[in-house]
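Trainee: give me the fold of what follows.
(2 chains)
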2 protein chains.
Amino acid sequence: MSRELHLAGFLIASHVTHSHAAWRHPASETDYLSPDYYTRVARTLERGTFDFLFFADLLATPVRYGDDIAVPLRSGTQASATIDPSLVAATLASVTERIGLAITTSTTYFHPYEVARIFATLDHLSRGRAGWNVVTSLNQAEAQNFGQLDHLPHDQRYDRAHEFLELAYDLWGSWDRDALVQDKGTGVFADPSKVRTVDHDGRFYRSRGPLTVPHSPQSRPVIFQAGSSSTGRDFAARWADAIFEIDPTPEGRRAYYDDVKSRASNLGRNPDHLKIFPSFVPFVGETESIAREKQAFHNELADPISGLITLSVHTDHDFSQYDLDAPVTDVTVPGSQGLFDLARRLSDRDSLTLRDVGKLYAQGVLLPQFVGTASDIADLIEEGFHGGEADGYILSATQAPGTFDDFVDQVVPELRRRGLFRTEYTGTTLREHLGLPAASLTPTPRAVAAPA
Amino acid sequence: MSRELHLAGFLIASHVTHSHAAWRHPASETDYLSPDYYTRVARTLERGTFDFLFFADLLATPVRYGDDIAVPLRSGTQASATIDPSLVAATLASVTERIGLAITTSTTYFHPYEVARIFATLDHLSRGRAGWNVVTSLNQAEAQNFGQLDHLPHDQRYDRAHEFLELAYDLWGSWDRDALVQDKGTGVFADPSKVRTVDHDGRFYRSRGPLTVPHSPQSRPVIFQAGSSSTGRDFAARWADAIFEIDPTPEGRRAYYDDVKSRASNLGRNPDHLKIFPSFVPFVGETESIAREKQAFHNELADPISGLITLSVHTDHDFSQYDLDAPVTDVTVPGSQGLFDLARRLSDRDSLTLRDVGKLYAQGVLLPQFVGTASDIADLIEEGFHGGEADGYILSATQAPGTFDDFVDQVVPELRRRGLFRTEYTGTTLREHLGLPAASLTPTPRAVAAPA
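Mentor: Below is the predicted model:
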């Protein structure tokens, strides 16, 4: 079969997504604390034969802007109110049949034994539909909630994350797939020769094992990552089955695609087994002009302060110290700041103020907006998919569940008509949806640093 | 209204319950890794208007007997294979409407911020049906899985648990119930004057807060405890809304009931707001003789080694060092060992060997077995309920879901006929089912030690 397009939906278990204005849309659900909202989104995406629903997460009220909880709470910025996505995914497991359920969990605040157990459980309860977006967390507010007063340096965080995954793989492999015997007559429950301790004694973690959870349908969750720094990309190239990416321009997306695929090749991996998902925000209209008006209506609702709060979190830099009307080119942020650099790149074109950047950020964290008729949007997807920027796309909503309904009812039929996208699920597990081979529990060896 | 009987079901997210033989029963479900099994049990109990379904948990393969994973795995002893009960409860939240969902989570291996977030989320997703069974964990195997090589001493574990709960209460109260404004027109999401940091800086924990989760329907989960030591009973008297108890004799249950209720009174609490649930294993038959045969059939399946493994875990003492045929009165276990003392008490009557104790333990961890027709079992419940031993009972299964079906179809109608048990739910939350007033987030003051 020819190369297959993949589609996914992006959510936070919260009132907003990338769009900080989503909650203000007149048609948006207001009861985002109930299971009904998530069920409705998941079933819509399943009707559209989407590969998976993806949940981001943040373990703190975002206070990096002025260190004041009042500002994010008043504006309802991203992550100002979130519930635990692992429980949301579990509650969706029993009301959906096929769609993958990918959730974000940090390697910084939990022990690998706990995280391995959660994902093995979710993989059983969903019958092979679990995905784990691995984040290493760079967030002072999260650290303060968990009583950790000092950050680990960036590289050491990744060293720890590598060891975290190595241990998790060992725990997932601590039961062979056929270890459960369950012979009621003889009373033999499991074959002990097919279960083992892991006896991990590493630099950051210790664990004896085995896991309490028998081997899960996918052997392990599908691993997602969203690395943008060079260290992050190397981590993704080693571990990820799929990457979630933010880049506002086609050139940027193509460069990222090439870079990460070659990092995977350099580690000896088949680059086709690392699926790259840029994200976008769709505005679908019966006519292009309706779509443009929908876009303008949404973008106008975005609050610049709300956006600058999230930018402060993402860059770990307090933007409340600057004049809102300062040209963004006058603002200097210490260190390499992937997303702020993107904002600057946009500014080369339009000479933006910090207020403009805040507004852009609030409109969707610099995600590109795909605007037009179903056919226009299918064109953009087709171009990107065949043009070397994507194996699939993650859609982020500006109203929920409405954005997903619009896309599934209008764009998906067009993609199917073009033979680009499946008309029904052919597999049952998330790995099968993604066209990935059976999972190995032997980690890819870590790259050795080249001699200088 | 007169005093109301409460009923609950006990499970481990696993192939066995207290009965280590449950998995060997011909009618027992073998796919305990799928959501269907749990859904079926929960819906059965909901049909029987039960107050809640309760999940125990253990974070390790039980290796305390000979320190060998092969023995528990072969025999399928309790907790030799378990999945994460918080995800099972979440998956049940969307396929049930009324039944409470209580899960066990340790205060030893997780940070209070995480646990507070999980239960606030579960309370939202279940619309006010969450319960938390607080355990402090005394288990070398768990500690080894989580890389903690040293135990805290018993009393210090409870000191830490007190602080854990105090912090969790503060986090649950960090959002007022009416803090969410969600005014789409003005863009005001929350009223910042109704959300606050907690700024906890204690002996064991630090956390800034607020919680990311808005105020939940019950304000906090219903708190369960199962303290048997004196320190444990004091902890329960301070914090618990309900207590899960194991005692094989009516005299023991009455003494426990009086003791814990007066400990709660001594702390200034209304003892009616602390509900005591002894547990039992039911064998229901159309005739008493059928019930007795069912009991004998089940008890014969119990493997003494399997039981001694669990006894070793519960007492933190390795029973593999003794001859199986040694009289139990010859075995000396260091320290105060609540459950082993119970086994000895039984032995006063019947002079048991260690093998006998292992078999008893495997039959149901010394839970009393209530055997007979629906009317006989209703008699036992009525006697206990009116005789000062219970506010309600937790049923533990010897085959699942069959034990629950039998009880709901045969015994519940009899209890309803007698006016002892509700015919339909009158409330929507677990607190309402239990007849508890709205939850306070101000902890009961801790008892001051009396001068010697």
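Trainee: hey, let's count contacts and neighbours off CA atoms from now on
Mentor: Will do.
Trainee: run a quick neighbour tally on the nearest residue to residue A:443 once chain neighbours are set aside.
Mentor: In space, residue A:443 comes closest to residue A:166 once its chain neighbours are excluded; the distance is 6.8 Å by C-alpha to C-alpha, 6 or more residues apart in numbering or on different chains. In terms of burial, residue A:166 registers 18 neighbours under the definition other C-alpha atoms under 10 Å in any protein chain shown.
Trainee: residues of the strand or helix carrying residue A:166 that come out buried?
Mentor: Counting by DSSP states H and E, the secondary-structure element that holds residue A:166 is helix A:154-172. Going by neighbour count (16 or more other C-alpha atoms under 10 Å in any protein chain shown), the buried part of helix A:154-172 is A:157-158, A:160-172.
Trainee: would residue A:366 count as being in a helix?
Mentor: No. Looking at residue A:366 with DSSP: H, G, I helix; E, B strand; the rest coil, it is coil, so not inside a helix.
Trainee: so which bits of the stretch 151-300 of chain A are right by chain B?
Mentor: A:182-185, A:187-193, A:196-197, A:205-214 (C-alpha under 8 Å from any C-alpha of the partner chain).
Trainee: out of the residues you listed, which are inside helices?
Mentor: Among those, no residue falls in helices (DSSP state H).
Trainee: from the residues you listed, which land in strands?
Mentor: Using DSSP state E, the members of these that fall in strands are A:182, A:183, A:188, A:189, A:190, A:206, A:207.
Trainee: now the two most distant members of those.
Mentor: In these, the most distant members under the criterion C-alpha to C-alpha are A:183 and A:206, with 33.7 Å between them.
Trainee: re the thing from before, what is the lowest-pLDDT residue among the buried residues of helix A:154-172?
Mentor: Of all the buried residues of helix A:154-172, residue A:157 carries the smallest pLDDT score, 86.
Trainee: check the burial of the residue nearest to that residue when sequence neighbours are not counted by counting its neighbours.
Mentor: Of all residues beyond its chain neighbours, the one nearest residue A:157 is residue A:136 (6.4 Å), with distances taken as C-alpha to C-alpha, 6+ apart. A total of 19 residues lie near residue A:136 under the criterion other C-alpha under 10 Å.
Trainee: pretty sure residue A:136 sits against residue A:110.
Mentor: No. Because the distance of 10.9 Å does not satisfy C-alpha atoms under 8 Å, residue A:136 is recorded as not touching residue A:110.
Trainee: in the stretch 1-150 of chain A, what residue comes closest to chain B?
Mentor: The nearest approach of the stretch 1-150 of chain A to chain B comes at residue A:91, 3.8 Å away (C-alpha to the nearest C-alpha).
Trainee: confidence score at residue A:348?
Mentor: Confidence at residue A:348, expressed as pLDDT, is 65.
Trainee: ok, now residue A:450?
Mentor: According to the model, residue A:450 scores 53 on pLDDT.
Trainee: and residue A:55, by the same measure?
Mentor: At residue A:55, the model reports a pLDDT of 98.
Trainee: so which residues make contact with the helix or strand hosting it?
Mentor: In this structure, residue A:55 sits in strand A:52-56 according to DSSP H and E. Here strand A:52-56 makes contact (C-alpha atoms under 8 Å, 6 or more residues apart in numbering or on different chains) with A:7-13, A:42, A:45, A:85, A:99-104, A:133, A:430.
Trainee: in strands only, show me the residues you listed.
Mentor: Mapping these onto strands (DSSP E) picks out A:7, A:8, A:9, A:10, A:11, A:12, A:100, A:101, A:102, A:103, A:104, A:133.
Trainee: give the contact list for the residue lying closest to residue A:247 once chain neighbours are set aside.
Mentor: What sits nearest to residue A:247 in space, not counting adjacent residues and going by C-alpha to C-alpha, 6+ apart, is residue A:253, at 5.9 Å. Taking C-alpha under 8 Å, 6+ apart as the contact definition, residue A:253 lies against A:247, A:278, A:389, A:390.
Trainee: how near is the last one to chain B?
Mentor: Which is residue A:390. 33 Å (C-alpha to the nearest C-alpha, to the nearest Å).
Trainee: and the third one, by the same measure?
Mentor: Distance check for residue A:389 against chain B: by C-alpha to the nearest C-alpha, it reads 35 Å.
Trainee: hmm, back to that, which one among the contacts of residue A:253 sits at the bottom for pLDDT?
Mentor: Scoring the contacts of residue A:253 by pLDDT puts residue A:247 last, at 92.
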